[in-house]
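Engineer: Okay, predicted coordinates and the sequence, questions at the end:
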Amino acid sequence: MEIDSSAIRSLFIDSSLSEFFDETDLFYIDFQSSIARSCSTLRYLGYEDADLLDILGAFPVHEADRERVELMQKRIESGETDKVIDSFRVASKKDSRFPWLRFSIKVLGREPDGKPTALIGHVTDVDDLIASQEEIRERLVEIDAMRELIGAINKSLDFEETFKRIIEQLHRIIPFDRATVQAFENDSLTVIAGYGYPKSDIMGLVFPAKGIDNPAVRAIQTQRPIVCNDVSHDFPGFIAPSKDFTSLSWLGIPMVYEGQAIGLIALDSHLPNFYTDQHVRVATAMAEHIATAFEHARSHQLVTVQAMTDRLTGLANRYGLEMRGTELFQKAIENDQPIGVFMLDIDHFKQVNDMYGHSYGDMVLQQIASTIRTQIRNEDYAVRYGGEEFVVLLPGLGPRESLIVAERLRIKISQTEVEKGRKLPTVSIGIYAAVPGSLDILHEFIRKADLALYTAKEAGRNRSRVWSTSPEFYVSE
């Protein structure tokens, strides 16, 4: 049906109807006569009659909607369509808002070249509706992430695996560049895991959590998530975990278990003013589940460590050797790198016990264990193998390097006092080092180190021997 555009124009320009149309959401534009009549919703945003003449030009919309609006304008101008219905965000001329508006536009007439001569439209403010729909979508994502989080953290009691799963789920709904997990003990926060930071920069870092004012301390004290969106301004003394990254926005999620703060997850962003109330709401909802998972994983880790630790010396025990030692040996196979193994035995330890008693013998074992710890690297692994025997794994070291470590330790032990005027007994050490193949096993390396130890004892004790098919290869006396 053909539309009489002149009749519609007369309605809108009729002074007796102007007040009526001003109160509706109908608008009219006559490009030929440069006549336009705005409507209630558009006037509320500051768009008067003359502003509508540019509705097919540079009408101010949100940048995210610009491409879609330009496509709509081209379709109308080209004659591809005479009717469009779409929603997009229009800039308010009164403030900085971009409310969502739903436009229904009908072209009333065209020039011979197809250019529109007039159009009529209806506009509805759907900002609240779309905001509600977006909130529903966000809540559904949050619910799904929460379900995934709860399911994921219940799949493993391994601490590193638990933290990895937590971070994966958090990252789905709370953006961040880097993150740390910090345990709260003795009024300090100690970094025990991280995401995005070099491991060497953060592991073991300790931050004071008492007597100072920073966002982490506030989160621990209030037991509520804390946001800081201008870190450098609000907290000039903020301590960054790593020098290669500047955190401008920070979100701290305290982990509270049975009413006590047990730690903190810190999420860092390089963008200012990044975190919102929505992020805080999500963090609050997840905090209890994260804290429970963290405590269970930490308790499991503590029990595991205790099970792998010799109570007297604090070194690993045989179970620890089977677990961690096997991992180190497998890593050497995978990386095609050498691993050194030496077995240390205390010379004439039975005589020490018989002469001074078992309490003194325990002191000797503890002191030798302590000396071993001071003479090896962090990546090395020391084990109380049984009685007065110790095994040390030296990843990456071949025969000569392993001998140097063993000799340094042997000499240090012989010079160390247990108590004033009474030195430690001497030790004998057997060494075996090589690049393990796929068919090799750790206990074969230990067996060969034990054979070398036997030759050291046979040669008179207080010396080191390296196992070899040539018995005199690498000898120390």
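Structural biologist: Perfect, thanks for sending it. It should be emphasised that the depicted structure is a prediction, and the values quoted were computed from it without experimental measurement. Numbering: from 1, shown residues only.

Engineer: Quick check: the gap between the closest residue to Glu23 other than its chain neighbours and Lys94.
Structural biologist: Take Glu23 and drop its neighbours on the chain: the residue closest to it by C-beta to C-beta, 6 or more residues apart in numbering is Ser40, 5.6 Å away. In short, each C-beta sits where N, CA and C put it, glycine included. For Ser40, the distance to Lys94 (C-beta to C-beta, to the nearest Å) stands at 14 Å.

Engineer: More neighbours: which of those two?
Structural biologist: A count of neighbours by other C-beta atoms under 10 Å puts Ser40 above the other of Ser40 and Lys94, at 15 against 10.

Engineer: ok, the more buried one touching Thr24?
Structural biologist: Yes. If you go by C-beta atoms under 8 Å, Ser40 and Thr24 touch, sitting 6.3 Å apart.

Engineer: what sits against the spatially most central residue of the chain?
Structural biologist: In the chain, the residue lying closest to the centroid (C-alpha atoms, centre = their mean) is Tyr195, at 3.4 Å. Each residue near Tyr195 by C-beta atoms under 8 Å, 6 or more residues apart in numbering is listed here: 167, 178-180.

Engineer: ok, now Lys448?
Structural biologist: 341, 432, 467 are the contacts of Lys448 under C-beta under 8 Å, 6+ apart.

Engineer: ditto for Ser402
Structural biologist: Ser402 sits next to 340-342, 394, 431, 433, 466 when contact means C-beta under 8 Å, 6+ apart.

Engineer: Now go through the residues you listed and say which are in strands.
Structural biologist: 340-342, 394, 431, 433, 466 (DSSP state E).

Engineer: for these, which one is nearest Leu409?
Structural biologist: Using C-beta to C-beta, Phe342 is the member of the ones in strands among the contacts of Ser402 that sits closest to Leu409, with 8.5 Å.

Engineer: still on that earlier bit, in JSON lines: the ones in strands among the contacts of Ser402, plus neighbour count and distance to Asp277.
Structural biologist: Below are the ones in strands among the contacts of Ser402 laid out as JSON lines (neighbours: other C-beta atoms under 10 Å; distance: C-beta to C-beta, whole Å):
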{"residue": "Gly340", "neighbour count": "28", "distance to Asp277": "57"}
{"residue": "Val341", "neighbour count": "29", "distance to Asp277": "57"}
{"residue": "Phe342", "neighbour count": "30", "distance to Asp277": "59"}
{"residue": "Leu394", "neighbour count": "24", "distance to Asp277": "54"}
{"residue": "Ile431", "neighbour count": "31", "distance to Asp277": "62"}
{"residue": "Ala433", "neighbour count": "25", "distance to Asp277": "59"}
{"residue": "Val466", "neighbour count": "27", "distance to Asp277": "66"}
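
Engineer: For Phe184, state which of the residues you listed is nearest.
Structural biologist: Distances from Phe184 to those, taken by C-beta to C-beta, are shortest for Leu394, at 35.3 Å.

Engineer: Could you report the separation of the residue lying closest to the closest one once chain neighbours are set aside from Leu315?
Structural biologist: Once flanking residues are discounted, Leu394 sits nearest to Gly340: 3.6 Å by C-beta to C-beta, 6+ apart. Using C-beta to C-beta, Gly340 is found at 17 Å from Leu315.

Engineer: got it, and Thr117?
Structural biologist: 91 Å.

Engineer: Now for Ile85, how many residues are close by?
Structural biologist: 12.

Engineer: starting at the chain centroid, how far to the one helix or strand it maps to?
Structural biologist: Here Ile85 sits within strand 83-89, counting by DSSP states H and E. On the basis of C-alpha atoms, centre = their mean, to the nearest Å, strand 83-89 sits 41 Å off its chain's mean C-alpha point.
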